[in-house]
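[1] okay, predicted coordinates and the sequence, questions at the end:
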Amino acid sequence: MVKMGKDYYDILGIKKDASEDDIKKAYRKQALRYHPDKNKSPGAEDKFKEIAEAYDVLSDPKKKDIYDRFGEEGLKGGGPSSGGAGGPGTFSYTFQGDPHAIFAEFFGGRNPFEQFFGGRNGDMDEDMETDPFTRFGMGGMGGSGMGGMGGMGGRSSSLTRQQDPPVVHNLRVTLEEVFSGCTKKMKISHKRLNPDRRTTRTEDKILEVEIKRGWKEGTKITFPKEGDETPTNIPADVVFVLKDKPHLVFRRDGSDIIYPAKVSLRDALCGSTVNAPTLDGRTVTVTTKDVVRPGMKRRINGEGLPLPKSPDRRGDLVVEYEVKFPERLSQSARETIAQVLPPT
């Protein structure tokens, strides 16, 4: 059947029996030749869009089949052969794509000229126009875009987009939050590409950080590629690093919590009872009849924080004694103590 309307094969400069690989190579050549960033001649923008439309049709087996049988008008549902036996039926195609987005997806980045040729201005020379990938030893790449660059060895790092360094934020949590586990909602602002793949907009996003029971200070929670997006980069990962908030009562030592208990000199010598609080609101009574020396500790098993890798088990509550010495003694007290306590 004689085709009507645009000749997509002619636009790409290929024959009707062209293979899938031929179609990709032809699009690569023509798109680079007529890209408006490099080709400033009148009509280059329209030609660039026409090339994108031709590639959009011929690279899709279903669209290509209908086009091959019924031409452009049959493909777009406007020709006399759009219905009836053997016709395309209700299929109707309209090119609504962004030629720049198709170009970016094919090449894996917004500006292959800058990536491959150091950002040179002016028209392309013949080598570039023919096939920049062959020039750099990439003519055998499989698939479209940059997917086949894994076998290029040492050269690939200079031709691929680099990911920005991680964006790190400290996330402060209380010991109670570590004890029970919680979810923190963190609001971030990051740049995202507009549909034209060239300009950006600023978006707010809420990231939910799930704090697991017993997580240690320094634990990192990573949200991949939530940093700023630009036409030439791979967005950075956003990383939250757990930091303990200072506590009014306890100190943390891994999965143990330390409770500083102040006792008088009298109790330190004669026996003491300490009511130690716990993170879940209870108290634990700790009694000793021994002489309490400064820095002495008593350990209560299983009253600390959950273990990170076994949250059904817990660390310990450590009572750390602090002996309060009197600032002054009366003469009679001195004499009594001198009589009772043995000399050193």
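    That came through, no problem.
[2] every contact and neighbour count from this point should use C-alpha atoms.
    OK.
[3] and the residue nearest to residue 171 when sequence neighbours are not counted, how many residues sit next to it?
    Counting by Cα to Cα, 6 or more residues apart in numbering, residue 171 lies nearest to residue 242, which is 5.0 Å off, once chain neighbours are set aside. Residue 242 sits with 20 neighbouring residues when counted by other Cα atoms under 10 Å.
[4] quick one: contacts for the most centrally placed residue in the chain?
    Nearest residue to the geometric centre of the chain (Cα atoms, centre = their mean): residue 224, 1.1 Å. Taking Cα atoms under 8 Å, 6 or more residues apart in numbering, we find residue 224 in contact with 236, 237, 238.
[5] from these, which land in helices?
    Per DSSP state H, helices hold no members of the contacts of residue 224.
[6] show me what contacts residue 13?
    Counting by Cα under 8 Å, 6+ apart, residue 13 has contacts residue 26.
[7] any idea of the pLDDT on it?
    We have a pLDDT of 93 for residue 13.
[8] all strands of the stretch 51-200 of the chain, in order?
    Secondary structure of the stretch 51-200 of the chain (DSSP state E, counting those that start in this stretch): strands at 167-173, 182-193, 200-211.
[9] identify all contacting residues around the shortest one.
    Where contact means Cα under 8 Å, 6+ apart, the residues beyond strand 167-173 that reach it are 227, 236, 237, 238, 239, 240, 241, 242, 243, 244, 245.
[10] any chance you could map the helices in the stretch 201-344 of the chain?
    In order along the chain, the stretch 201-344 of the chain carries the following helices (DSSP state H, counting those that start in this stretch): 265-270, 331-340.
[11] dump the shortest one to CSV, keeping only the CA atoms.
    If I follow you right, that is helix 265-270. C-alpha atoms of helix 265-270 as CSV (Å, rounded to 0.1, in the frame of the first residue of the first chain):
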residue,chain,number,x,y,z
LEU,A,265,28.5,10.0,103.6
ARG,A,266,26.4,8.5,106.5
ASP,A,267,24.5,6.2,104.1
ALA,A,268,27.7,5.4,102.2
LEU,A,269,29.2,4.2,105.5
CYS,A,270,26.2,2.6,107.2
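[12] report the mean confidence score over that helix.
    86.
[13] enumerate the positions of it that are buried.
    By neighbour count on 16 or more other Cα atoms under 10 Å, the buried set for helix 265-270 is 265, 267, 268.
[14] then stretch 204-214?
    209, 211, 212, 213, 214.
[15] next up, the contacts around the spatially closest residue to the third one that is not a sequence neighbour.
    Yep, that's residue 212 we're talking about. Spatial nearest neighbour of residue 212, chain neighbours left out: residue 181 (4.9 Å); criterion: Cα to Cα, 6+ apart. Going by Cα under 8 Å, 6+ apart, residue 181 touches 210, 211, 212, 213, 214.
[16] if I look at residue 304, how far off is residue 24?
    Computed as Cα to Cα, to the nearest Å, the residue 304 to residue 24 distance reads 63 Å.
[17] higher neighbour count, the two?
    Ranked by neighbour count (other Cα under 10 Å), residue 304 and residue 24 place residue 304 first, with 25 against 19.
[18] mind listing what the more buried one touches?
    255, 256, 257, 278, 279, 314, 315, 316, 317.
[19] for residue 44, state which of the contacts of residue 181 is nearest.
    Proximity of these to residue 44 (Cα to Cα) peaks at residue 210, which lies at 51.7 Å.
[20] which stretches of the chain have low pLDDT?
    1-4, 78-91, 108-160, 344 (pLDDT under 70).
[21] okay, domains of it per the record?
    8-141, 167-244, 251-324 (automatic domain parsing).
[22] so which of the ones you listed is nearest residue 342?
    Here domain 251-324 is closest among the domains of the chain (Cα to Cα), at 12.9 Å.
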